[in-house]
Structures are given as structure tokens and as C-alpha cells.
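Trainee: Structure of the sequence below:
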Amino acid sequence: PVDLYYPATASGPNQPPATPPPDGFPAIAFGHGYLMPANVYVWLGLRLAADGFVVAMPRTGGEIFPSHATFALDLAFVCRHLRALGDDPSSPFHGRMSDLAAAMGHSMGGGCSVLAAAGDPTVSAVANLAAAETNPSAIAVCQLISAPALLFAGQNDCVTPPPDHQIPMYDALASTWRTLITLDGASHCQFAAYNLACDLGEACTPGITREAQQDLTWLLLRPWLHAVLRDDAAARL
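Mentor: Coordinates of the predicted model:
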């Protein structure tokens, strides 16, 4: 099961997919944080879909003791399956999908996006929000990732502090196109909508509002995705 967001001919559920650009719609698989439902990332799914990406957010991995390895396999599978829909005559996405797909996620899902990219070389890029170290270790497998990678960190994140999580991942990446962005005042949980499970685990006080944190994330994420998944030369500047 996934929450699916895609460019459509009209707003609302179950609308026909829109006409794609010449190279098709790039795919994105996004993994949720620990004990956080996929629907707390509606803000991101809607923006990505409106901007020309097909986004699937798996609802798996919600157990008290989730398997990070299995959740990573789910993300990699979603990347492959979304692309394959473009070749399926029975799918409404037939002829509409690009060959490129990114693994993304927040917190646990961010760490699992790293595992997914390391385990499946067909994943075109990896981007995550306050990625958490996982078991097996996301930090350890970063040396296997040569695809473009973008890591967001929050200055006021005391759930996955950057020195213990995102910075070691960034340092270990084999990719020559790697970027680490630390957002001033950003907290761990404000990358998502309000969620009690996340907020109970976070003691740090944010220095910016949730809306400001998400808007800033989008401002920086959007051109990177266009450069990596759309080969947009202007977005690289």
C-alpha cells in the first residue's frame, strides 16, 4: 500500500494523469519516519506532484520494531515499479514515466532511502530529510553510492543530531555530486506535519516555524530534483 501523488488533469483523487514532458514524469519513492504515517508528508507529495513528479509513499514499516532492511527494499521496489508502469499498456501511466527515479525519506525513512540506493544501482538519486542511522548501517553503505545525493539536516535537531547522523553519511558518500544542507533553526519533526509520536521524542525547540522550515526545504529541494531527474541546465545554476 502507498499514498500516490501525481500530475493530473484536475485536482482531487483518481483524476487522469496529465500529459507528461517529452522525457516523462520522474518517479520518487518516499519513506516515512519511525511510527509516523505517510500522510504527514502530504505537504511534500502535493508540491512534488504539482511540479511534475510521480511520488509514492509506502505505508509499510510502521511497526514498533520495523525492519530497516525490508523498508529499504520497499523503497527500491517502488522506484522500479513506478518506472515499469510506463511500459504497462494497462496502466494509466503507460507512456508517461521517465527512466529516472529517486529514493527519498525522513528520519528512519531517510536512512532507508540510503540503504535503498546502495542496494539497487538503478536508483538514480537519493535525497532525504534529517536521515537517521539504521540497522544495517546507512552510514556504512554510503561508500557504495555514486548517484547524486542531497542531505538536509536541522540545526535544532536533537532526535538525529547532524554530527551523529547526516554528517557521517555525507562524509562517507562515494558520490562526487553530494550536498549537505543544514537549515538554521530547523527541528527534526517539522520536516513533517504535526505528529505526536515524533514530537514526544524531540526535546529541542525549533528556531523557525514549521511552515518556514518546509518552505525553505522546498525552495532548495526543487531545483536539485530538476537538475538531477529532469536534466534541467538552468536548475544547476
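
Trainee: my guess is residue 150 is in a strand, correct?
Mentor: Yes. Residue 150 sits within a strand when classified using DSSP: H, G, I helix; E, B strand; the rest coil.

Trainee: Find the residue closest to it in space, skipping its chain neighbours.
Mentor: Distance criterion C-beta to C-beta, 6 or more residues apart in numbering; nearest residue to residue 150, sequence neighbours excluded, is residue 127 at 4.1 Å. The C-beta positions use only the backbone N, C-alpha and C, and glycine is treated the same way.

Trainee: how would you label that neighbour: helix, strand or coil?
Mentor: Note that with three-state DSSP, the state of residue 127 is strand.

Trainee: again, but for residue 142
Mentor: Applying three-state DSSP to residue 142 yields a three-state assignment of helix.

Trainee: Now do the closest residue to it other than its chain neighbours against residue 180, distance only.
Mentor: Nearest-residue entry for residue 142: residue 172, 3.7 Å, with adjacent residues in sequence omitted and distances by C-beta to C-beta, 6+ apart. Residue 172 is 12 Å from residue 180, where distance means C-beta to C-beta, to the nearest Å.

Trainee: Identify the residues contacting residue 176.
Mentor: residue 146 (C-beta atoms under 8 Å, 6 or more residues apart in numbering).

Trainee: If you could redo that for residue 34, that was the one I meant.
Mentor: If you count contacts by C-beta under 8 Å, 6+ apart, then residue 34 has 66, 107, 108, 132, 197, 198 around it.

Trainee: Make a PyMOL selection of the buried ones in these.
Mentor: Written as a PyMOL command, the selection of buried residues from the contacts of residue 34, which uses 16 or more other C-beta atoms under 10 Å, is:
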select buried, resi 66+107+108+132+198
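
Trainee: I'd like to know which elements the lowest-mean-pLDDT helix or strand in the chain is packed against.
Mentor: Of all the helices and strands that make up the chain, helix 196-200 has the lowest average by mean pLDDT, DSSP states H and E, namely a mean of 93. Judged by 3 or more C-beta pairs under 8 Å, 6 or more residues apart in numbering; DSSP states H and E, helix 196-200 has no packing partners among the helices and strands.

Trainee: residue ranges for the helices of the chain, please.
Mentor: Across the chain, reading from the start of the chain, the helices by DSSP state H fall at 42-50, 68-85, 108-119, 138-141, 166-172, 196-200, 210-229.

Trainee: Point out the most buried one among those helices.
Mentor: helix 108-119 (a mean of 30; mean count of other C-beta atoms under 10 Å).

Trainee: Flag the shaky bits of the chain, pLDDT-wise.
Mentor: Scanning the chain for pLDDT under 70 picks out nothing.

Trainee: Can you tell me the centre-most residue of it?
Mentor: In the chain, the C-alpha closest to the average C-alpha coordinate belongs to residue 104, at a distance of 2.0 Å (C-alpha atoms, centre = their mean).
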